[in-house]
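**Student:** just a sequence and a predicted model for now, questions to come.
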Amino acid sequence: MSDTKNVRARFAPSPTGQLHVGGLRTALYNYLLVKNLGGSYILRIEDTDQNRFVPGALENLIHILDEMGVHHDEGLFFDNDVLIQKGNYGPYIQSERLPLYREYVEKLLETGKAYHCFCSMTRLTTLREEQTQKKMAPKYDKYCLSLSHEEVEERLASHEPYVIRLNVDEARGEIVFDDLVRGRVSIHTKDIDDQVLMKSDGFPTYHLANVIDDHLMKISHVIRGEEWISSTPKHILIYEALEFPLPKFAHLPLLLNPDKSKLSKRQGDVAVEDYLVKGYLKETLVNFVALLGWNPGAGSTQEIFTLDELIEKFDISQIHKSGAVFDIKKLDWMNAEYIKRLSLDVLYEQALPFFSDKEFFRAWEENHQQLTADEKKDFMKRVLEIEQDRLVKLSDIGENNPFFFTDTLTYESALLNWKENTPSQTKEALEKALTILTDLADEKWQMREVLEKVLMEEAENHAKSLGGAEAGKGKGDFLWPLRVALTGAQRSPSPFDVAFVIGKTESIRRIALALQKLG
RNA sequence: GGCCCUAUCGUCUAUCGGUAGGACACCAGGUUCUCAUCCUGGUAAGAGGGGUUCGACUCCCCUUAGGGCUACCA
């Protein structure tokens, strides 16, 4: 079974809602393993619980996985909004495979590995309560196993509701398996419950469907979350009862809340979509989640990986055993890194929806209806050019620079004065700025570097004219008043950056206004 | 309660028997008109106890702590 060409792994979510970041990581690891070794990665849907079905969840799941770049080779796809199935081992939706499960259940029944159980919910509940009170592990007591064949047939004939249970031989002993992540794991059969395999509604439980499907779909590696580790022995018992060869198992460490409990909605966002909506890039999310519980080892200190690099370096034996806290601070850092590396054009494309989300931007649009589409786009790109190094996530766009979008600045005229400078000194500086900027040709305003050069030169000249011996110091005498005039704010990007964004006319207008304020 | 899993800086991690490195966060300094970016430096870890060994973070055992599972949910 060491034929790497036959590696087949699957991600098998249930369509109960949005894709969890933990789910993304599980899908990603399955994908990385397959792409690294060569083989097929399958997407299957486990919808055996009719009560938990959420409309639209399936579409959403497939869509988001696709958007994240974790593409499957086989299974469920959407083609022009139509659900289609590709591959030789379908159907890939468990609710469409019911007859298959029935067939194998019959075999299990024939060989005595499973049995009918007619116990009512109330009996089961009572039993569990008694056991819990006696501090025993809640387990089915095999009551129905002792029913005679005739009685079973009789009750079946009278349409009594029933389930099918796995017949676990307590005396069997330790069930041992070698987990690719954890090494040898063993659980004794006396601790294994007679798990329900088929529910009274005729649907299989996860345990049965999962084993049958993995076998029929020729899955070589079962890679899933740690929460499945304790039911793996049950699965092994089913594999054995059905005489299926065992796949390889790999149980992934959990993603954790800051308090180390299993990552949950209660303590923040858990859906991939939540993060996308906040302006985290999909590349960031994939990179970040890949490093939670895995890294290339061998002394690597690399933090930023492309998907291709992850594929190339992925090695299942490097996956950790312990859970990893999902640290938003580090996610933020990584996202900022990714945003900085974007070209301005790509950043613009990605940022578009985040602009429209902003009320201050819609107000700006309202006030600038005379602008052509191109002029509007140029403005937005200028904003992005200046903000690119300051963005943690795309939803931060414009948040710290309201003066880009509004024409009305409110500030005290005293704010214009640099340190201990007098209003007349400030006035002198602003007048110089006004002259220079007014004289600067329109096309020069298109280049941020030119604006910076011109203004910095003037700042130095201004400083020299003030200081003599202190020449070279004190550019603040010139730059601070100008910056405040343009922004009305204590904190902002540099004056030349702001001038570049708002343009010549508006810059000149704001400086003139500041001069007026000074009287 | 039972069973199982886990245990290196606050967080993510490197080191797979030979005196613990990187990243985030944090702090300080530098660059600087402010903010951010950027650069430099710093604080900070092998849960505890037994073994094995010349030598243990690394192997074994116990304790402790945390987590997962314990449904006709996945």
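**Tutor:** Thanks, I have it. Residues are numbered from 1 along each chain as shown, chains lettered A, B, ... in the order given.
**Student:** next one: A:Gly297 from RNA strand B, what distance?
**Tutor:** A:Gly297 sits 4 Å away from RNA strand B, going by Cβ to the nearest atom of the strand, to the nearest Å. All C-beta atoms are positioned from the backbone trio N, CA, C, and that covers glycine.
**Student:** what's the residue closest to the geometric middle of chain A?
**Tutor:** A:Val272 (3.4 Å; Cα atoms, centre = their mean).
**Student:** now do the contacts for the residue lying closest to that one once chain neighbours are set aside.
**Tutor:** What sits nearest to A:Val272 in space, not counting adjacent residues and going by Cβ to Cβ, 6 or more residues apart in numbering, is A:Leu19, at 4.8 Å. Shown in contact with A:Leu19 (Cβ atoms under 8 Å, 6 or more residues apart in numbering): A:13, A:27, A:60-61, A:64-65, A:271-273.
**Student:** filter those by proximity to RNA strand B?
**Tutor:** A:Pro13 (Cβ under 7 Å from any atom of the strand).
**Student:** just the ones of the contacts of A:Leu19 in helices?
**Tutor:** Judged by DSSP state H, helices contain the following of the contacts of A:Leu19: A:27, A:60-61, A:64-65, A:272-273.
**Student:** between these, which sits nearest A:Leu147?
**Tutor:** The nearest member of the ones in helices among the contacts of A:Leu19 to A:Leu147, counting by Cβ to Cβ, is A:Leu61 at 41.5 Å.
**Student:** report the contact partners of the closest one.
**Tutor:** A:Leu61 neighbours (Cβ under 8 Å, 6+ apart): A:13, A:15, A:19, A:45.
**Student:** likewise for A:Glu74?
**Tutor:** Each residue near A:Glu74 by Cβ under 8 Å, 6+ apart is listed here: A:40-43, A:86-87, A:89, A:92.
**Student:** which of the residues you listed are buried?
**Tutor:** A:40-43, A:87, A:89, A:92 (16 or more other Cβ atoms under 10 Å).
**Student:** closest one of those to A:Glu150?
**Tutor:** Distances from A:Glu150 to those, taken as Cβ to Cβ, are shortest for A:Tyr89 (39.8 Å).
**Student:** pLDDT wise, what is that closest one at?
**Tutor:** Looking at A:Tyr89, its pLDDT is 96.
**Student:** which residues does it contact?
**Tutor:** Applying Cβ under 8 Å, 6+ apart, the residues contacting A:Tyr89 are A:42, A:74, A:216-218.
**Student:** in strands, which of these fall?
**Tutor:** If you go by DSSP state E, those have A:42, A:74 in strands.
**Student:** got TSV for the contacts of A:Tyr89, with pLDDT and distance to RNA strand B too?
**Tutor:** Formatted as TSV, the contacts of A:Tyr89 follow (pLDDT from 0 to 100; distance: Cβ to the nearest atom of the strand, whole Å):
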residue	pLDDT	distance to RNA strand B
A:Ile42	98	15
A:Glu74	97	18
A:Leu216	98	16
A:Met217	98	15
A:Lys218	97	19
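**Student:** which of the contacts of A:Tyr89 lies closest to A:Lys139?
**Tutor:** A:Leu216 (29.8 Å).
**Student:** and that closest one, how far from A:His320?
**Tutor:** Separation of A:Leu216 from A:His320 (Cβ to Cβ, to the nearest Å): 32 Å.
**Student:** hey, what's A:Leu166 bridged with?
**Tutor:** Listed beta-bridge partners, A:Leu166: A:Ala114 (assigned using DSSP bridges).
**Student:** next, the buried residues of the lowest-mean-pLDDT helix or strand in chain A.
**Tutor:** Sorting the helices and strands of chain A by mean pLDDT, DSSP states H and E puts helix A:448-467 at the bottom, at a mean of 87. Under the neighbour-count criterion of 16+ other Cβ under 10 Å, helix A:448-467 has A:448, A:450-452, A:454-456, A:458-460, A:462-463, A:466 buried.
**Student:** do stretch A:506-519 as well
**Tutor:** Buried residues in stretch A:506-519, defined by neighbour count with 16+ other Cβ under 10 Å: A:506-508, A:510-511, A:514-515, A:517-518.
**Student:** restricted to helices, list the residues you listed.
**Tutor:** Short answer: the buried residues of stretch A:506-519 in helices (DSSP H) are A:506-508, A:510-511, A:514-515, A:517-518.
**Student:** need the contacts of A:Glu74 in CSV with distance to A:Ile187, can you?
**Tutor:** Output for those, formatted as CSV (distance: Cβ to Cβ, whole Å):
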residue, distance to A:Ile187
A:Ser40, 31
A:Tyr41, 29
A:Ile42, 28
A:Leu43, 30
A:Lys86, 37
A:Gly87, 33
A:Tyr89, 30
A:Tyr92, 30
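**Student:** contact partners for the nearest residue to A:Asp396 once chain neighbours are set aside?
**Tutor:** Among residues not flanking A:Asp396 along the chain, A:Gly279 sits closest, at 6.9 Å (Cβ to Cβ, 6+ apart). With contact taken as Cβ under 8 Å, 6+ apart, A:Gly279 is in contact with A:335, A:354, A:393-397.
**Student:** hang on, the earlier thing: please list which of the buried residues of helix A:448-467 also come close to RNA strand B.
**Tutor:** A:Ala459.
**Student:** now, among the buried residues of helix A:448-467, which is nearest to RNA strand B?
**Tutor:** Minimum distance to RNA strand B across the buried residues of helix A:448-467 is 6.2 Å, recorded for A:Ala459 (Cβ to the nearest atom of the strand).
**Student:** so A:Lys377 versus A:Thr487, what's the distance?
**Tutor:** Distance from A:Lys377 to A:Thr487, by Cβ to Cβ: 23 Å.
**Student:** compare neighbour counts for these two and give me the winner.
**Tutor:** Legend: neighbour count by other Cβ atoms under 10 Å for A:Lys377 and A:Thr487, higher for A:Thr487 (22 against 13).
**Student:** quick one, phi/psi of that one?
**Tutor:** Main-chain torsions, A:Thr487, degrees, to the nearest 10: phi -120, psi -30.
**Student:** for it, which non-adjacent residue is closest in space?
**Tutor:** A:Phe403 (4.3 Å).
**Student:** quick one: the one you found and RNA strand B, what's the gap?
**Tutor:** From A:Phe403 to RNA strand B the distance is 11 Å (Cβ to the nearest atom of the strand).
**Student:** next one: A:Lys234
**Tutor:** 9 Å.
**Student:** which of the helices or strands spans that residue?
**Tutor:** helix A:232-241 (DSSP states H and E).
**Student:** quick one: average pLDDT of that helix?
**Tutor:** 97.
**Student:** what residues does the helix or strand just after that helix touch?
**Tutor:** Per DSSP H and E, the first helix or strand lying C-terminal to helix A:232-241 is strand A:248-252. Outside strand A:248-252, the residues that touch it by Cβ under 8 Å, 6+ apart are A:1, A:25-26, A:29, A:177-182, A:220-226, A:228-229, A:232, A:293, A:316, A:319.
**Student:** buried ones among those?
**Tutor:** A:25-26, A:29, A:177, A:179-182, A:220-226, A:228-229, A:232, A:293, A:316, A:319.
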